[in-house]
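> A structural model of the following input is requested.
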Amino acid sequence: MDAVAIKNFIMNHNMRLSILSKFTPLRLLSVADTRFASIVVMLKRFKLVKRGLQAMVISNEWASYREDDTVKANSVKEKILDDDRWDKVSYILSFTEPIYDIIRVCETDKPCLHLVYEMWDSMIEKVKAEIYKKEKLPLSARSIFYDVVHQVLVARWTKNNTPLHCLAHSLNPRYYSDAWLLEDSKRLPPHRDGEISQERKTCFKRLFPNDDEHDRVLEEYALFSMKAGPFEDLTCITKMDTMEPKSWWANFGAQTPLLQTLAFKLLGQPSSSSCAARNWSTYAFIHSLRRNRLTTSRAQDLVYIHNNLRLLSRAPNDVVNMWDVGGDAFDSMEDVGFLEFADLSLDEPELESDLLVNV
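Numbers count the residues shown, from 1 in each chain. The predicted structure follows:
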């Protein structure tokens, strides 16, 4: 469906926009290149205002209004009334919804690093189910369209995945509980999954270069994954599925100190770049073209002070400062220039160690 063309036609004609406001209180949304899944968001809004759009184009006001571009107006009317196009919109939203949901979960400051691996697997299965349902194919058959979608998703996962995702997944007690494993017969606990085990071993080697500590953490993980030793208590096992992961480790992980400390760090990690983006915008505000002679240490100190002053300015009954009117929503990237995308992996041990030590 030519959603962008329809939106542009209505938004660029004030009279058409005025007519639409009489049939629906919701406004059409524009596509923002700086926001994720903006096309999906726009299509969701189109589906919400579907009845209003259809009522508008068959109304007397739409028919009585004349302008120069009548051909385009008739084309827009035809597209809005075409049920096949709306079916395509519904189909697009159905198989992109799992992708959109996982992005929404990850694009926050909340700890979710330990959830990414499992959410990604579940997301791919949900996308496959929606596509096969639409094409009316058995899951054993081959779908050319799904193959293309799957290839795109796997390429994105390969680019963004790090061993830390697998390690954090391995330290989430829920994925060892019988309740979680019995929900799907294909599920395996992390210590029986080949890919996760390989990435976990890579992490352990990097994070514990000392041979004694490495041997200790391997032994501690063996006890944890096999529910042996300090983890064989009935309360410990039953709480694996229901208790928040960090709380579970605080209650039951004292006898495995290396693994417990690592779990505290990883299970409290967000998976989104929003924190870094906010920090970049603050840095750009301070280190501008007019103040480009600031040393790195001075610029970092000013960013630190700026962020703390912003937090203090939000105290109750305090006067709102004009430089913080945007709060956390302020994410302008003007004057920053072009930023290169970098893959965070354990191939950069200094950056990885900073990530773990500074949590």
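
> OK, contacts around Arg16?
Phe9, Ile10, Trp62, Tyr65, Ala73 (CB atoms under 8 Å, 6 or more residues apart in numbering). Where you see a C-beta, it was placed from the backbone N, CA and C, and this is true even at glycine.

> what about it, which SS state?
Of the three states, Arg16 takes helix according to DSSP: H, G, I helix; E, B strand; the rest coil.

> Tell me the spacing between it and Asn8.
Here the criterion is CB to CB, to the nearest Å. By it, Arg16 lies 11 Å from Asn8.

> still on that earlier bit, now, which of the contacts of Arg16 lie within helices?
When the contacts of Arg16 are checked against helices using DSSP state H, the ones located there are Phe9, Ile10, Trp62, Ala73.

> hmm, back to that, would you list the buried entries among the contacts of Arg16?
Phe9, Ile10, Trp62, Ala73 (16 or more other CB atoms under 10 Å).

> Surely the third one and Ile19 touch.
Think Trp62. Yes: applying CB atoms under 8 Å, one finds Trp62 in contact with Ile19, separated by 6.1 Å.

> shared neighbours, those two?
Met56.

> Pick the one among the buried ones among the contacts of Arg16 closest to Cys106.
Closest approach to Cys106 among the buried ones among the contacts of Arg16 (CB to CB): Ile10, at 33.3 Å.

> Spatially, what comes nearest to that closest one if we skip its sequence neighbours?
Spatially, and ignoring its direct neighbours in sequence, Ile10 is nearest to Arg16 (4.8 Å; CB to CB, 6 or more residues apart in numbering).

> And the buried ones among the contacts of Arg16, which is closest to Ala155?
Phe9 (35.2 Å).

> Skipping its backbone neighbours, what lies nearest that closest one in space?
In space, Phe9 is closest to Val76, 5.1 Å off (CB to CB, 6+ apart).

> May I ask which helix or strand encompasses that neighbour?
Element membership for Val76 (DSSP states H and E) is helix 70-80.

> buried sites along that helix?
Ala73, Val76, Lys77, Lys79, Ile80.

> Quick one: neighbours of Arg171, just the number.
I think there's a mix-up here, since residue 171 is Leu and not Arg. 26 (other CB atoms under 10 Å).

> Against Ala179, how distant is Thr242?
The gap separating Thr242 from Ala179 is 8 Å, by CB to CB.

> Apart from its chain neighbours, what residue comes closest to Tyr176?
Nearest to Tyr176 is Pro189, by CB to CB, 6+ apart, at 5.0 Å.

> Could you tell me which residues within the lengthiest helix in the chain count as buried?
In the chain, taking DSSP H as the definition, the longest helix is helix 83-106. Across helix 83-106, burial judged by 16+ other CB under 10 Å covers 86, 89, 92-100, 102, 106.

> How about stretch 109-126?
111-120, 123-124, 126.

> What of stretch 220-236?
Result for stretch 220-236 [16+ other CB under 10 Å]: buried residues Glu220, Tyr221, Leu223, Phe224, Ser225, Lys227, Phe231, Cys236.

> residues touching Phe224, list them.
With contact set as CB under 8 Å, 6+ apart, Phe224 has these partners: Pro173, Tyr176, Phe231, Gly253, Thr256, Leu259.

> Next, format the residues you listed as CSV and append pLDDT.
Below are the contacts of Phe224 laid out as CSV (pLDDT from 0 to 100):
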residue, pLDDT
Pro173, 95
Tyr176, 95
Phe231, 94
Gly253, 93
Thr256, 95
Leu259, 94
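
> Helices - which of those land there?
Leu259.

> Distance check, Thr256 against Asn292.
For Thr256, the distance to Asn292 - CB to CB - is 50 Å.

> Quick check: which ranges of the protein have low pLDDT?
Scanning the chain for pLDDT under 70 picks out 1, 30-36, 66-68, 272-281, 289-291, 314-359.

> Where do the domain boundaries of it fall?
Per the record, the chain has its domains at 3-81, 162-271, 274-357, by automatic domain parsing.

> tell me the contacts of the residue lying closest to Phe95 once chain neighbours are set aside?
In space, and not counting its chain neighbours, Phe95 is closest to Glu130: 4.1 Å by CB to CB, 6+ apart. Taking CB under 8 Å, 6+ apart as the contact definition, Glu130 lies against Ser94, Phe95, Glu97, Pro98.

> hang on, the earlier thing: show me which of the contacts of Phe224 is closest to Gln151.
For the contacts of Phe224, the closest approach to Gln151 (CB to CB) belongs to Tyr176, at 31.8 Å.

> what's the neighbour count on that closest one?
Neighbours around Tyr176, by other CB under 10 Å: 20.

> gap between it and Val71?
From Tyr176 to Val71 the distance is 64 Å (CB to CB).

> what does Ala37 give?
33 Å.

> can you check Ser38 too?
29 Å.

> do the same with Lys47
Lys47 is 26 Å from Val71, by CB to CB.

> and the residue of the chain most remote from its centre, how far is that from Arg51?
Most distant from the centre of the chain: Ser64, at 46.3 Å, with distances by CA atoms, centre = their mean. From Ser64 across to Arg51, the span is 21 Å (CB to CB).
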